[in-house]
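Asker: quick check, what structure comes out for this input:
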Amino acid sequence: MDNRSLGLLLVSTGTIFLILTLTLHIAGLLYGVILGSSILLNVLGSGILIKFIADQKLANL
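Answerer: Below you'll find the predicted structure:
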C-alpha cells in the first residue's frame, strides 16, 4: 500500500469516527475514545498525505 492510499484510508476512517461521534448519543469514556481516535487518525492521515505530495513535487523537479 503506497502512502497516498494509506493517508486517504486514515483520513476516511477518522472522518467516519467523527461522524459517528456527532450522530450517536454516547457519553463518557467511549465518547472520548472515539473522538480521540478520530483526531489522531485525521492528523496522521493528513501528515502522510502532505509527505506524499511533497515527495511527488520533488520527484517532478
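Asker: contact partners for Leu18?
Answerer: Leu35, Ser38, Asn42 (Cβ atoms under 8 Å, 6 or more residues apart in numbering). Just so you know, the C-beta spots here come from the backbone N, C-alpha and C atoms, and that holds for glycine as well.
Asker: nearest residue to the first one in space, please, no chain neighbours.
Answerer: Same thing as Leu35. Once flanking residues are discounted, Leu35 sits nearest to Thr21: 5.2 Å by Cβ to Cβ, 6 or more residues apart in numbering.
Asker: please report how far that neighbour lies from Asn42.
Answerer: Using Cβ to Cβ, to the nearest Å, we find Thr21 at a distance of 12 Å from Asn42.
Asker: residues of the helix or strand containing Leu18 that come out buried?
Answerer: Using DSSP states H and E, Leu18 falls within helix 3-23. Of the residues in helix 3-23, Gly7, Leu10, Val11, Thr13, Gly14, Phe17, Leu18, Thr21 count as buried by neighbour count, 16 or more other Cβ atoms under 10 Å.
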